[in-house]
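A.B. asks: sequence unknown, structure follows:
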């Protein structure tokens, strides 16, 4: 049973090609579809420093999606883990969720930094980042994930 | 131009009816669709304390979705803000993203606490929570959002 979603907007600018790391240096615009959203949909976003962007990794070939387990980034020195235990883009439904710094906002657009999506990427949602929804209690993650992220923002 | 997504699983247990607050007390299971995911898709998730669940607020009538601005929770003492500046469920594409505590994981299922989704909700994705993707730099949010969250976990 499928569910149809519609892009509320698209990424404009930023990188033209997919690369793994260094997205923190990238700023891009999200232009919203005036047929789906009123200009007021972004009203008050400027009160937030960060947003969560929900988007589709549409450059990923659906036939290359991983549905089981594999080594993250192909690193055989890291354990094989399931696709739901990693954030790789070739995942079922190809949905990305990224917390970005909000650089600017106006009627029909926002500018964000740190979005790991290339020019033209369809956007499904933008949500404000609320600190009250941060993880509660002790936070734990495996060593391979810490190693991966150590290189991410370089 | 629509994009078709397919639920990778469904929420089992937890609340039967939609309510606004207090979800931190709720534990539910997500059962994955064996036709879409191999049992190994959850391998290694038990190394993480928290996951992000991407799901569809499917009880929301698509015709009641807000596409402009309104007062969060109907509170007229809070400012009118755009639907992209709030996390209300009646939003374009009706997609929810929630960080939950992972209580348990096995082949084809996970148990989570704090998921604001009722029994039967379709799930589009599960991602591990990586601390390296936390917001970078100063975090800022408006007063109404701080007030709203102050009551959320009670």
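C.D. replies: Cool, got the structure. Not measured: the values here are computed from a predicted model.
A.B. asks: got the phi/psi numbers for residue A:82?
C.D. replies: Main-chain dihedrals, residue A:82, degrees, to the nearest 10: phi -70, psi 160.
A.B. asks: contacts only, for it.
C.D. replies: Residues near residue A:82 by CB atoms under 8 Å, 6 or more residues apart in numbering or on different chains: A:68-69, B:40-45. Backbone N, C-alpha and C define where each C-beta goes, glycine included.
A.B. asks: just name the closest of these to residue A:31, please.
C.D. replies: Distance to residue A:31, by CB to CB, is smallest for residue B:41 among those, at 34.3 Å.
A.B. asks: how about the closest one, secondary structure?
C.D. replies: What DSSP: H, G, I helix; E, B strand; the rest coil gives for residue B:41 is helix.
A.B. asks: please identify the buried residues of stretch A:129-138?
C.D. replies: By neighbour count on 16 or more other CB atoms under 10 Å in any protein chain shown, the buried set for stretch A:129-138 is A:129-130, A:133, A:135-136.
A.B. asks: make that stretch A:35-42, sorry
C.D. replies: For stretch A:35-42, burial by neighbour count (16+ other CB under 10 Å) applies to A:37-38, A:40-42.
A.B. asks: need the distance between the two termini of that stretch.
C.D. replies: Counting by CA to CA, to the nearest Å, you get 15 Å between the two ends of stretch A:35-42.
A.B. asks: give me the contacts around that stretch.
C.D. replies: Under CB under 8 Å, 6+ apart, the answer for stretch A:35-42 is A:6, A:8-9, A:32, A:105-110, B:67-69, B:80, B:82-85, B:92.
A.B. asks: return the subset of these lying in strands.
C.D. replies: A:9, A:32, A:105-106, A:109-110, B:69, B:82 (DSSP state E).
A.B. asks: just flag the most distant two among the residues you listed.
C.D. replies: In the ones in strands among the contacts of stretch A:35-42, two members sit farther apart than any others by CB to CB. They are A:9 and B:69, at 16.5 Å.
A.B. asks: between these two, which one's more packed in?
C.D. replies: Taking neighbours as other CB atoms under 10 Å in any protein chain shown, residue A:9 and residue B:69 compare with residue A:9 leading, 27 against 20.
A.B. asks: hang on, that one packs against residue A:123?
C.D. replies: Yes: judged on CB atoms under 8 Å, residue A:9 makes contact with residue A:123 at a distance of 4.7 Å.
A.B. asks: quick check: neighbours shared by those two?
C.D. replies: Contact criterion CB under 8 Å, 6+ apart; residues shared by residue A:9 and residue A:123: residue A:30.
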